[in-house]
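Provide a 3D model corresponding to the input given below.
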Amino acid sequence: MAPAVPPPAVVLQAAVVLLDRFPALAGVDLAVGKGEIVLLRGPNGAGKTTVLRACAGLLRVVQGQAHVLGVDVARSPRLVRRRVGMLAHDDGLYADLGPADNVRFWARAAGAEAVDADRALARCGIGERLLDVPAARLSTGQRRRTALAALVARRPELWLLDEPHAGLDRAGRDLVDDLVADAAAAGATVLFASHELERAEALSTRIVTIAGGAVRHDTATAKIADPDGEVASAR
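Residues are numbered from 1 along each chain as shown. Presented below is the predicted three-dimensional model:
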């Protein structure tokens, strides 16, 4: 008997998301297999962040279907949130807490242990002298590394990254790439958006172009119209 094929990590079918009655997603079709590293590419306002937030259960899909890790995210967003990790423009840190307490808090919220938080802090280069410094006093790069550590400590099955290279120096951007590669090698799925296209394209296993709230080109299918209305071809 052939082994069972695992279900995709993300399935969006004709998904519509409204922001102030405006269709930020206008019928997105997207399937992401487990273990993939998928780059969402497109201009500002295309819908990339909306896709990520919808997959995290932070925005409601009002039409169509959205299943994340086998869960109908529109019906049970809380079941999804504990199993995914999102790095957004807002780092989600408590300003009066240091990196150690911030990361341990997010680790506990996902059912992880304090040791997972400590390992993540070390992996992300948060030295001992910074552990108790309030997040409000950290540099942009130090806050970004702390937010990365919080994500790593949660050990999510699905990584949702919105401009993960932003605010980091070269060593920090290299760290992001290493963390993403390690997560995928361990079986996690990564869906991300980044304007550092050369770096991001080298990291990804697949590229999906979004414009006008819809998928225009997918290198896995190479048969969706590009923004100019012509049939796109694979890279």
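
What residues does the most centrally placed residue in the chain make contact with?
Centroid-nearest residue in the chain: residue 160, 1.0 Å away (criterion: CA atoms, centre = their mean). By CB atoms under 8 Å, 6 or more residues apart in numbering, the residues touching residue 160 are 52, 55-56, 84-87, 191-192. Using the backbone N, CA and C atoms, a C-beta is placed for each residue, glycine as well.

nearest to residue 63, of those?
Residue 63 has its nearest neighbour among these in residue 55, at 16.1 Å by CB to CB.

can you map out the helices along this structure?
With DSSP state H applied, the chain shows helices at 48-55, 77-81, 99-109, 114-123, 140-154, 170-185, 197-203, listed in chain order.

what number of residues lie near residue 164?
Neighbours of residue 164 under the rule other CB atoms under 10 Å: 29.

tell me the contacts of it?
If you count contacts by CB under 8 Å, 6+ apart, then residue 164 has 87, 148, 176, 180, 192, 194 around it.

Isn't the first one up against residue 145?
To tie it back to what came earlier, the one meant is residue 87. No. With contact defined as CB atoms under 8 Å, residue 87 does not count as touching residue 145 (11.0 Å).

the more surrounded of these two?
residue 145 (26 against 22).

now that one: how far from residue 124?
According to CB to CB, to the nearest Å, residue 145 stands 5 Å off from residue 124.

What residues sit buried inside the worst-scoring helix or strand of the chain on mean pLDDT?
Counting by mean pLDDT, DSSP states H and E, the chain has its least confident helix or strand at helix 77-81, which shows a mean of 89. By neighbour count on 16 or more other CB atoms under 10 Å, the buried set for helix 77-81 is 77, 80-81.

and that helix, what other elements does it pack with?
Judged by 3 or more CB pairs under 8 Å, 6 or more residues apart in numbering; DSSP states H and E, helix 77-81 is in contact with no other helix or strand.

what's in contact with it?
Contacts of helix 77-81 (CB under 8 Å, 6+ apart): 55-58, 60, 68-69, 71, 73.

if you set the cut-off to 7 Å instead, what comes out?
Helix 77-81 is touched from outside by 56-57, 68-69, 71, 73, with contacts defined as CB atoms under 7 Å, 6 or more residues apart in numbering.

just stretch 92-104 next, same as before
With CB under 7 Å, 6+ apart, stretch 92-104 has contacts from 114, 117, 120-121, 126, 130-136, 143, 146-147, 149-150, 153.

which parts of that stretch are buried?
In stretch 92-104, the ones that count as buried by 16+ other CB under 10 Å are 93, 97-104.

Quick check: end-to-end length of it?
One end of stretch 92-104 to the other measures 13 Å (CA to CA, to the nearest Å).

Export stretch 145-154 to CSV, keeping only CA atoms.
Taking C-alpha atoms only, stretch 145-154 is exported to CSV below (Å, rounded to 0.1, in the frame of the first residue of the first chain):
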residue,chain,number,x,y,z
ARG,A,145,16.2,39.2,16.8
THR,A,146,14.1,38.9,20.0
ALA,A,147,11.0,38.6,17.9
LEU,A,148,12.7,35.9,15.8
ALA,A,149,13.7,34.1,19.0
ALA,A,150,10.0,34.2,20.2
LEU,A,151,9.0,32.6,16.9
VAL,A,152,11.7,29.9,17.1
ALA,A,153,10.8,29.0,20.7
ARG,A,154,7.2,28.4,19.7
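
Mind splitting this structure into its structural domains?
Domains of the chain are assigned by automatic domain parsing as 1-83+156-235, 93-155.

what's the least confident stretch among those?
Of all the domains of the chain, mean pLDDT reaches its minimum on domain 1-83+156-235 (a mean of 87).

before we move on, the earlier item: of the buried residues of helix 77-81, which is the nearest to residue 12?
Nearest to residue 12 among the buried residues of helix 77-81, with distances taken as CB to CB, is residue 80, at 13.1 Å.
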